[in-house]
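Engineer: Sequence and computational prediction follow.
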Protein chains: 2
Amino acid sequence: MARALSVVGDRWTLLVLREAFFRTRRFEDFQARTGAPRPVLAERLRSLVDDGVLERRQYSDRPDRFEYRLTEKGVDLYPVLVSLLRWGDRWMADDDEPPITLRHRGCGQIVQPELACPGCGEWVTARDMEAVGPRATLAGAR
Amino acid sequence: MARALSVVGDRWTLLVLREAFFRTRRFEDFQARTGAPRPVLAERLRSLVDDGVLERRQYSDRPDRFEYRLTEKGVDLYPVLVSLLRWGDRWMADDDEPPITLRHRGCGQIVQPELACPGCGEWVTARDMEAVGPRATLAGAR
DNA sequence: CAGTATCCTCGAGGATACTG
DNA sequence: CAGTATCCTCGAGGATACTG
């Protein structure tokens, strides 16, 4: 997890990722929507590309223009973002910023995805899970 | 989400939280397990308490001893941690650090919880969800 | 055991102007 | 539009010693 954190564990990176999930793709748009200083944004995009989370693609020559798109590895970060979003809406509600509403395309309902057990299909919370293995001596979520 | 990030969005805070889910409760144990410098750890614990994620409880007087336990708000961060863990194990595999294994107490199976739609029960990925509302013009996960 | 006090460094990142 | 170059500040956090 420490390594995962080294990829996504800072404010600007996560804001950039959120925008990427909202289909933002261009430097100027990322800049306007996240408010990140340009040099910071450039550095974050570069390292996300290095980490294989975003892919840099040329969408025009003359002049050269580039866009950034989520890779499969990037798309797979969705649960992290959704969980963070959900927690923020639930516990840090803010009148200034309305909660983001998500719809499940499959069934059409407005929902917040939640964790379930792929083994039995039941919904799970921290209390339903326990850690096993090397850390088992002190394992087990509360 | 920016506010959620202001609570959990840094390396030491997330390591502290992970340890809290592993039932670590005491200052010295957090220090040993996360490796955070003592002043940094003290500051992080204090702000997690201020944010209502951890609760500081005296478990002994003479001498005074304190422990830190997850509040309900803190326990509810579990999906964020699990998602991060899962992503790290999947994409940043590292021979030095074996993946953490989780067992669902309910069915006994070793699993990694995944996102499902509370409306219809189907498993969901980024592609199955779309954003609606104020951000809808640029919404929709890839 | 559970912190606080002190000191020091170094690098992140804000502002801004510039370039192809 | 998609960045790079420059400059500057300030605060995070590492190391370490100390306290009740």
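Structural biologist: Thanks, I have the structure now. Numbers count the residues shown, from 1 in each chain, chains lettered A, B, ... in the order given.

Engineer: Now the host helix or strand of A:Leu41: buried residues?
Structural biologist: For A:Leu41, the host element (DSSP states H and E) is helix A:38-50. Using 16 or more other C-beta atoms under 10 Å in any protein chain shown as the test for burial, helix A:38-50 gives A:40-41, A:44-45, A:48. Heads up, the C-betas are built off the backbone N, CA and C, glycines and all.

Engineer: Close to DNA strand D: what parts of chain A are there?
Structural biologist: A:26-29, A:38-39, A:42, A:45-46, A:56, A:63, A:65-68 (C-beta under 7 Å from any atom of the strand).

Engineer: Do any residues in stretch A:12-19 lie close to DNA strand C?
Structural biologist: Yes. Contact between stretch A:12-19 and DNA strand C is present through A:Trp12 (criterion: C-beta under 7 Å from any atom of the strand).

Engineer: For that stretch, which residues meet the burial criterion?
Structural biologist: A:12-19.

Engineer: Mind checking which of those are in helices?
Structural biologist: A:12-19 (DSSP state H).

Engineer: With pLDDT as new columns, can the residues you listed be given to me in TSV?
Structural biologist: Output for these, formatted as TSV (pLDDT from 0 to 100):
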residue	pLDDT
A:Trp12	92
A:Thr13	93
A:Leu14	91
A:Leu15	92
A:Val16	95
A:Leu17	95
A:Arg18	93
A:Glu19	95
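
Engineer: These also near chain B: which ones?
Structural biologist: A:14-15, A:18 (C-beta under 8 Å from any C-beta of the partner chain).

Engineer: Quick one: mean pLDDT over the helix holding A:Leu41.
Structural biologist: Over the span of helix A:38-50, the pLDDT mean works out to 96.

Engineer: Ok, stretch A:56-70 next?
Structural biologist: So the average pLDDT for stretch A:56-70 ends up being 93.

Engineer: first to last residue in it, what's the distance?
Structural biologist: By C-alpha to C-alpha, to the nearest Å, the extent of stretch A:56-70 from end to end equals 9 Å.

Engineer: Would you indicate which residues of it are buried?
Structural biologist: A:67-68, A:70.

Engineer: From the geometric centre of chain A, which residue sits farthest away?
Structural biologist: What lies farthest from the middle of chain A is A:Arg62; by C-alpha atoms, centre = their mean that is 32.9 Å.

Engineer: In which helix or strand does that residue reside?
Structural biologist: Secondary structure (DSSP H and E) places A:Arg62 outside all helices and strands.

Engineer: A:Arg69 now?
Structural biologist: Counting by DSSP H and E, A:Arg69 is part of strand A:65-70.

Engineer: same for that strand, what does it pack against?
Structural biologist: Packing partners of strand A:65-70 (3 or more C-beta pairs under 8 Å, 6 or more residues apart in numbering or on different chains; DSSP states H and E): helix A:11-21, helix A:27-34, helix A:38-50, strand A:54-60.

Engineer: Tell me if the shortest one is near DNA strand C.
Structural biologist: Which is strand A:54-60. No. Strand A:54-60 lies out of reach of DNA strand C by C-beta under 7 Å from any atom of the strand, never closer than 10.8 Å.

Engineer: which neighbours does that strand have in its sheet, and in what orientation?
Structural biologist: strand A:65-70 (antiparallel) (DSSP bridges).

Engineer: got a list of contacts for whichever helix or strand comes after the strand it pairs with?
Structural biologist: From strand A:65-70 onward toward the C-terminus, using DSSP H and E, the following helix or strand is helix A:72-75. For helix A:72-75, the surrounding residues in contact (C-beta atoms under 8 Å, 6 or more residues apart in numbering or on different chains) are A:17, A:20, A:48, A:51-54, B:91, B:125-127, B:141-142.
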